[in-house]
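Colleague: Give me coordinates for this.
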Amino acid sequence: MRRELRTVGTSLTPQFWEMFAVLLVAAVGVTFVAMVALDALAVRLLRRRVHRSPTAASPRPVTVDHRMPVGH
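Modeller: Residues are numbered from 1 along each chain as shown. Below is the predicted model:
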């Protein structure tokens with residue numbers, strides 16, 4: 001007498017693997033596009049800071065400290 005072994009659960013069908021592959025490729029693509037967009041934004045912001053002219057900021061007045069050092 002032979003017994004058949006029954007498993008509980010679902011089997012991973014070829015349809016599952018096809019959908020898994022499609023979703024994986026889509027997720028990688030979305031991640032790559034988001035990374036490129038954020039990188040371009042960061043570079044643009046950094047270039048904006050560097051290209052600001054130093055004359056745009058008001059220069060700090062030079063102050064001279066006339067106090068005597070302690071112990072002299």
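
Colleague: Can you give me the neighbour number for V36?
Modeller: By the measure other CB atoms under 10 Å, the count of residues near V36 is 10. The C-beta positions use only the backbone N, C-alpha and C, and glycine is treated the same way.

Colleague: which SS state does it fall under?
Modeller: helix (DSSP: H, G, I helix; E, B strand; the rest coil).

Colleague: Return the residues in contact with it.
Modeller: Residues near V36 by CB atoms under 8 Å, 6 or more residues apart in numbering: none.

Colleague: can you tell me how far it sits from R48?
Modeller: 19 Å (CB to CB, to the nearest Å).

Colleague: phi, psi of H66?
Modeller: phi -100, psi 10 (degrees, to the nearest 10).

Colleague: which SS class is V70?
Modeller: coil.

Colleague: One more: R47?
Modeller: helix.

Colleague: can you pull out the helices in the chain?
Modeller: For the chain, applying DSSP state H gives helices covering 14-50.

Colleague: so where's it uncertain?
Modeller: Filtered on pLDDT under 70, the chain yields the residue ranges 1-3, 5-9, 51-59, 72.

Colleague: Buried by neighbour count: which residues of stretch 19-27 qualify?
Modeller: In terms of neighbour count (16 or more other CB atoms under 10 Å), stretch 19-27 has no buried residues at all.

Colleague: what about dumping the CA coordinates of it to CSV?
Modeller: C-alpha atoms of stretch 19-27 as CSV (Å, rounded to 0.1, in the frame of the first residue of the first chain):
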residue,chain,number,x,y,z
MET,A,19,5.0,38.4,-12.4
PHE,A,20,7.8,38.4,-9.8
ALA,A,21,10.4,39.1,-12.5
VAL,A,22,8.3,41.9,-14.0
LEU,A,23,7.7,43.5,-10.6
LEU,A,24,11.4,43.2,-9.7
VAL,A,25,12.5,44.9,-12.9
ALA,A,26,9.9,47.6,-12.4
ALA,A,27,11.1,48.2,-8.9
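
Colleague: So what touches it?
Modeller: By CB under 8 Å, 6+ apart, stretch 19-27 touches no other residue.

Colleague: Distance check, R48 against L41.
Modeller: For R48 relative to L41 (CB to CB), the value is 11 Å.
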